[in-house]
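Trainee: Got a sequence here, can you build the structure:
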Amino acid sequence: MVVESLVAAAAKAALGAIDPCEVIKSCIAGVLGNRADAGLSNALRLATTLQSSIPENHNVLKAMQSAFVGSIQAMAEACDSVGGTPEDNFSRRALQRFAVGKELEALDLANPNLPIADLDERVRAIYGQQSGAPATASTESVIALVEAGMGIPLSDAHRRVFLEGTAKSGAWATLFELFFATEVKKVKELFAILTFDRLNELVAHADAHEGLLHQIIGKIDHLAQQNAQGQAEIMAALSALNATQRAGTGAPDAALEVLAKAIDDDRLEPEDKARLAQIYGAHLRQTSNIPPMLIDSLVRALSTPDDMRLLGDALKDMGGAERLDLINARVAELELEEQHLASRYRALASFAALESQSRAIELYRRAVDLDPTDVMAWIELGRLRRVFGSLADARACFGAARQRVSNEYFRCVLHNEFGDILCAEGQLREARTEFEAGLEIIDHLARKEPEGWHLQRELSVSFNKLGDVEVASGNLAAARARFEAGLGIRERLAAREPGNAGWQRDLSVSFDRLGDVEVAAGNLAAARARFDAGLCIAERLAAQEPGNAQWQRDLSVSLNKLGNVEVAAGNLAAARARFEAGLGIRERLAAQEPGNAEWQRDVFISNAKLAQLAEATGDRAGAIARFEAAEAIMASLASAKPDHPGFARDLAQVRGDLARLRAEA
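Mentor: Residues are numbered from 1 along each chain as shown. A predicted model of the protein is given here:
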């Protein structure tokens, strides 16, 4: 605001200190910001009386108000055909009511109901008095005011219309400029002053779009007429319904149809909702033996319903529909809405898992509470529970999914998940049964759809899981056959899409598994070749995405496996270098996420390997220090998860090693 500059300039003119033309120029520069009257006489009056109140004949403010109303009405028309979700429909109806409401058009000069400061900036930008055009800032302010008037937020689709416009209509800031130009031309004195200093480019712009403006204004007038007509029909329908209710006769179909359409279009005012609820309550008292307490409670709920369809059900009940059928239909609709909301929670949970596993677990929990039939949400929740909870928690989640599964693909996934739990518990025979059942299903699906690459990938997973069981059982030849079958699939997938990082990682995992088999069989050269191939891929992926924890962890695994080969080959110095490099990665990951039991166990494994290496080289003190570090980690894990048999076994092993070394010392 530059009230002082305008008042000072006008005062100097009154005293003869400057040329009157300079006063007019000052008016041009400051009138919009000052919101003083556009005429020189008013500026002189302000200078002599030093009044700061807003003059009654305020042409600029009135022009801004009228342009604001017109632009909002135009936005309501522009939003009419944008979006189709329930949120869009509620947003559209609320915006239409606000755009033609009396509250919007009312103007209190002392306390104007529009964002004066933002519109002032907008007008300054229009006339080149301010560098830059604050379109986004002013539009955001207008959106906030509109949403307050609507009573609900604009939908995302309609917010974009306000900010960006549509193919047929400009953004709000553009429409405001066009409407303001037409308002400027209506006031001769204002137009003369605003165009005195420079040719008004905006007015020329408005002239060029005069046809479009007339079209928009015509649609706005039609919208207002429709709204007025609709309100009259609603009032008549409510009166007719009330009259028939009092007379004890049946509800008139015409009135029911008008009110049903008004509910569908969300055009009932709060007082209309309350009146309809009262009529329905009177109808229930006359036609049923329902306790008055229950009727009063229902009337209160219907007077300001969050769900307008409840009022629609009340109308249908008055029209003779079966109440139980209405309730069942509404329950079915709510269940569909719950399923939709559950899927959104599940998607958000998968995103949250990147930042906070505990928050992801909470969101998956909400998803399955809303929709217990969501098998994928149960599976994802179980996977997180296995790592950040307990095997019992994971089993419960997978069991809930198995009770509800009807899809063969998910059935295969669940067989593999249960197999993993059984492996962790040391129940290899039962695990093999689960994995074989999963393999049978996925093999059948993959044969039916050979181009289904996700099925091919899942088939390779099943081969690998059975290979793991064979390794644990000591059946190396069978394990090699399973791993090679999985590798063949993954090589084809990786060759088909070399840029797919996930398939490249799968290939690295297969190389590592085959390397493990060769180590167990004593084929160290073959093992080193497999591990080197896997390491090349792991290094490339880790370099591409340094922030990807999974890629970093994979690299530490590859380093450890090559360290194992060096130990078996007697190259202890080389083995130590590999193990220490892997430990450095694992310690960083474990520090980032202390609650990740898998990553904590990785640090335990690396410390144990380095302890064994120190013992092999005669460094008993170094070995004890490493074993003590490993013991501390495993003691914490075993305490947190006492039902995990692997943790108890690892803790017993490391304590045995420590006792032996201390006894030897």
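Trainee: which residues does T166 contact?
Mentor: Contact partners of T166, counting by Cβ atoms under 8 Å, 6 or more residues apart in numbering, are A78, V82. Quick note: C-beta positions are derived from backbone N, CA and C, even for glycine.
Trainee: Tell me how far it lies from F180.
Mentor: Taking Cβ to Cβ, to the nearest Å as the measure, T166 falls 20 Å from F180.
Trainee: Next: V517.
Mentor: Using Cβ to Cβ, V517 is found at 78 Å from F180.
Trainee: for A148, same thing?
Mentor: A148 is 22 Å from F180, by Cβ to Cβ.
Trainee: higher neighbour count, the two?
Mentor: Neighbours per residue (other Cβ atoms under 10 Å) separate A148 from F180, with F180 holding more: 26 against 11.
Trainee: so that one touches A67, yeah?
Mentor: Yes - if you go by Cβ atoms under 8 Å, F180 and A67 touch, sitting 3.9 Å apart.
Trainee: For G165, grab phi and psi.
Mentor: The phi and psi values for G165, taken as degrees, to the nearest 10, are phi 80, psi -170.
Trainee: Skipping adjacent residues, who's closest to it in space?
Mentor: Counting by Cβ to Cβ, 6 or more residues apart in numbering, G165 lies nearest to A171, which is 4.0 Å off, once chain neighbours are set aside.
Trainee: contacting residues around the residue lying closest to E417 once chain neighbours are set aside?
Mentor: Leaving aside its sequence neighbours, E417 sits nearest to F398 (Cβ to Cβ, 6+ apart; 5.0 Å). Neighbouring residues of F398 by Cβ under 8 Å, 6+ apart: W378, I379, G382, L414, E417, F418, I421.
Trainee: ok, F398 to A329 distance?
Mentor: Distance from F398 to A329, by Cβ to Cβ: 35 Å.
Trainee: N328 - how many residues pack around it?
Mentor: By other Cβ under 10 Å, 11 other residues sit near N328.
Trainee: Can you give me the pLDDT of it?
Mentor: On pLDDT, N328 comes in at 82.
Trainee: The chain should start at 48 in everything you say after this.
Mentor: Noted, 48 is the first residue going forward, which turns the last one into N375.
Trainee: In which helix or strand does it reside?
Mentor: helix 370-399 (DSSP states H and E).
Trainee: Same check on A441?
Mentor: Assigned by DSSP H and E, A441 belongs to helix 438-451.
Trainee: quick one, what contacts E455?
Mentor: I488, H491, L492.
Trainee: Narrow the contacts of F445 to those in helices?
Mentor: Counting by DSSP state H, the part of the contacts of F445 found in helices is W425, I426, G429, L461, E464, F465, I468.
Trainee: most neighbours, which of those residues?
Mentor: Neighbour-wise, the ones in helices among the contacts of F445 (other Cβ under 10 Å) top out at W425, 27 neighbours.
Trainee: if I look at the closest residue in space to it that isn't next to it in sequence, how far off is N595?
Mentor: Spatial nearest neighbour of W425, excluding adjacent residues (Cβ to Cβ, 6+ apart): A448 at 3.6 Å. Using Cβ to Cβ, we find A448 at a distance of 28 Å from N595.
Trainee: Mind checking which of those two has more residues around it?
Mentor: Shown here are A448 and N595; by other Cβ under 10 Å, A448 has more neighbours (26 against 14).
Trainee: So that one versus A424, what's the distance?
Mentor: 8 Å.
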